[in-house]
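Colleague: give the three-dimensional model of this entry:
(chains A and B)
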Amino acid sequence: MPVALLALWEMASRLALVSPRYFPAPTTIGAVLVDRLAAGDLGAALLVTLARLGLAFALAAVPGVLLGLLMGIARPLRAAVEPYVAFVFPVPKIALLPFLLIILGVGEPAFVLTGAASAFFQIVISTLGGVRTMDPRLLEVGHNYGAHGARLFWKVILPAALPAIFTGLRLGLGLALIALVAVEFIAAKSGLGHLVYRHWQMLSTPEMYAAFALVGALGLLLTRGLRALQARLLSWQEESF
Amino acid sequence: MRRFGRWLAEHSIAVGSPLVLLGAWEWASATGLLREAFFPRPSTIAVHLRQLGADGTLWGHLGATLVRIGWAFALAAVLGVGIGLAMGLWRGLREGLDPVFAVIYPIPSILFLPLVGFLVPPGEIAVVVTTAVTSFFLIAFTTTHGVRQIDRLVVEAATHYGARGWRLFTAVLLPGSLPSIFTGLRLGLGFALIVVVAVEIVSTSRGLGALLWLSWQILKVEDMYATFFVIALVGAVLYYGLAALQARLLPWVQDVADR
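Modeller: Residues are numbered from 1 along each chain as shown, chains lettered A, B, ... in the order given. Down below sits the predicted model:
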């Protein structure tokens, strides 16, 4: 089916059924893709996006999981922090960008933090959910066998919350990518998102589609890869969104 | 009054903590501990919010955003549920479309803006279609999943009792996949808000995203905060409103999105 669609597109473009200016043939795009990768500028843009993504993810994952776990264990903390998390969670994080630009100035810290914010709240909510929805019988069994405090946490609570934490990390990474590409599209002057924007403005469509395809490949690799990793590491867990 | 008192006692931290924070913010900005240029006082922001509301600016932008979300969501919901159901029911279609969807779905939707602009007339329609893209895939995925996870036994029992074709669909398959569909609709609506704000920043002069970006460009910091507050409010209403609706309509469903 994907092959058939590509072939159809190729034909339509070659026969000028659709404007080749806006929809260049897939083979043309493929050639440009290989060309640009060989020239190095596409690879460089990919690396910039990847570096931002890695940094944003690290900045979100560590505090996100910690805060989620702490909120799950300590009731007063949850009561105090939950209103903020609940209020900011459904907000498009791209809306934070102008604030970060004003406070931190136009530059990498503002870009990366917007991506991090996008992942952070998802990770907190998933982690908290993992602790809160764990089977209370597990806690009781742990108690009865004499597990308290740190031991109870390491041996019972953390393993029980692990699948939810992983799901949160996976969703968070996806959201960080979305936010970062949007940031690059809107404000940054580098990265794959910016590349798509620039070639759109210049109407150099084959280059635009090449960058577009690379983002697609990156997204596919991340979502599929993490899903496979999750199935591998947490093989007892049921599949969930 | 008594019940309210008890509620307040139970939720004292949850209610108190934002109040304390707002108070501290007000005080810190007033005394210069926080730079007022970056962190205007909450009371100043509230005044600006009222002004934006009073001169009608806010309503125009809010209306534009809501209309776009509405159209995009309707488009994504109709197509997503329709195609999702079809994919759940027919194996051939599912196996054909799955790889195509898997490649397109993780692409951040803002990137579709140029592409959509080539396909449909640029302007309002392109904004709506771009906003609908990711929601559509989400809804199609969850709907397919919903049909597929129905217990085989239930379907078999229904066929034994003579349910076929349309009846089987409306009496068994549709109700069985409804929880999943609803979750998809909820997630899809959330994504529509995310995308529409980004698209408005890039390409429109009306809408909450545009207002936010414009306020930044002319450094009206108070208006930025006020707009952010309204965007957050829209997000909260959509998200928690639909969660409440789901709890009302499908009370037996355990929420899958929160796992």
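
Colleague: count the residues that sit near the closest residue to chain B within chain A.
Modeller: Chain A approaches chain B most closely through A:Gly219 (2.7 Å), counting by Cβ to the nearest Cβ. All C-beta spots, glycine's among them, are computed from the backbone N, C-alpha and C. As a burial measure, A:Gly219 scores 22 neighbours (other Cβ atoms under 10 Å in any protein chain shown).

Colleague: tell me if the helix or strand that B:Gln246 is a member of is near chain A.
Modeller: In the assignment (DSSP states H and E), B:Gln246 maps to helix B:221-249. Yes. Shown here: helix B:221-249 in contact with chain A (Cβ under 8 Å from any Cβ of the partner chain) through B:Val221, B:Met224, B:Phe228, B:Ile231, B:Ala232, B:Gly235, B:Ala236, B:Leu238, B:Tyr239, B:Tyr240.

Colleague: so the residue of chain A closest to chain B touches A:Leu180, yeah?
Modeller: No. Counting by Cβ atoms under 8 Å, A:Leu180 is not a contact partner of A:Gly219; they are 11.5 Å apart.

Colleague: what residues are shared contacts of these two?
Modeller: Common contacts of A:Gly219 and A:Leu180, defined by Cβ atoms under 8 Å, 6 or more residues apart in numbering or on different chains, are absent altogether.

Colleague: now which of the residues of helix B:221-249 next to chain A would you call buried?
Modeller: Burial by neighbour count, judged by 16 or more other Cβ atoms under 10 Å in any protein chain shown, picks out B:Val221, B:Met224, B:Phe228, B:Ile231, B:Ala232, B:Gly235, B:Ala236, B:Leu238, B:Tyr239 from these.

Colleague: not counting sequence-adjacent ones, nearest residue to the first one?
Modeller: Spatial nearest neighbour of B:Val221, excluding adjacent residues (Cβ to Cβ, 6 or more residues apart in numbering or on different chains): B:Pro40 at 5.7 Å.

Colleague: show me what counts as buried in the longest helix seen in chain A.
Modeller: Secondary structure of chain A per DSSP state H: the longest helix is helix A:41-73. Within helix A:41-73, the residues scored as buried using 16+ other Cβ under 10 Å are A:42, A:45-46, A:48-49, A:52-53, A:55-57, A:59-61, A:64-65, A:67-72.

Colleague: up against chain A, what does the stretch 151-259 of chain B have?
Modeller: Checking the stretch 151-259 of chain B against chain A by Cβ under 8 Å from any Cβ, the hits are B:183, B:190, B:193-195, B:197-198, B:201-202, B:209, B:212-213, B:215-216, B:219, B:221, B:224, B:228, B:231-232, B:235-236, B:238-240, B:256-259.

Colleague: what about 6 Å?
Modeller: Contact residues (Cβ under 6 Å from any Cβ of the partner chain) of the stretch 151-259 of chain B with chain A: B:193-194, B:197-198, B:201-202, B:212, B:216, B:224, B:228, B:231-232, B:235-236, B:239, B:258-259.

Colleague: report the contact partners of the one residue in the stretch 1-150 of chain B that gets nearest to chain A.
Modeller: Ranked by Cβ to the nearest Cβ, the top residue of the stretch 1-150 of chain B for proximity to chain A is B:Pro106, at 2.7 Å. Taking Cβ atoms under 6 Å, 6 or more residues apart in numbering or on different chains, we find B:Pro106 in contact with A:Gly219, A:Leu220, A:Thr223.

Colleague: try it again at 7 Å.
Modeller: Shown in contact with B:Pro106 (Cβ atoms under 7 Å, 6 or more residues apart in numbering or on different chains): A:Gly174, A:Gly216, A:Gly219, A:Leu220, A:Leu222, A:Thr223.

Colleague: looking at those residues, which is nearest A:Leu8?
Modeller: A:Gly216 (18.4 Å; Cβ to Cβ).

Colleague: buried stuff in the helix or strand hosting that closest one?
Modeller: Here A:Gly216, judged by DSSP H and E, is contained in helix A:205-233. Residues of helix A:205-233 classed as buried by neighbour count (16+ other Cβ under 10 Å): A:205-216, A:218-220, A:222-223, A:226, A:230.

Colleague: for chain A, what spans make up the helices?
Modeller: Counting by DSSP H, the helices of chain A are A:2-14, A:26-39, A:41-73, A:75-88, A:97-104, A:108-132, A:136-144, A:149-152, A:158-186, A:192-201, A:205-233.
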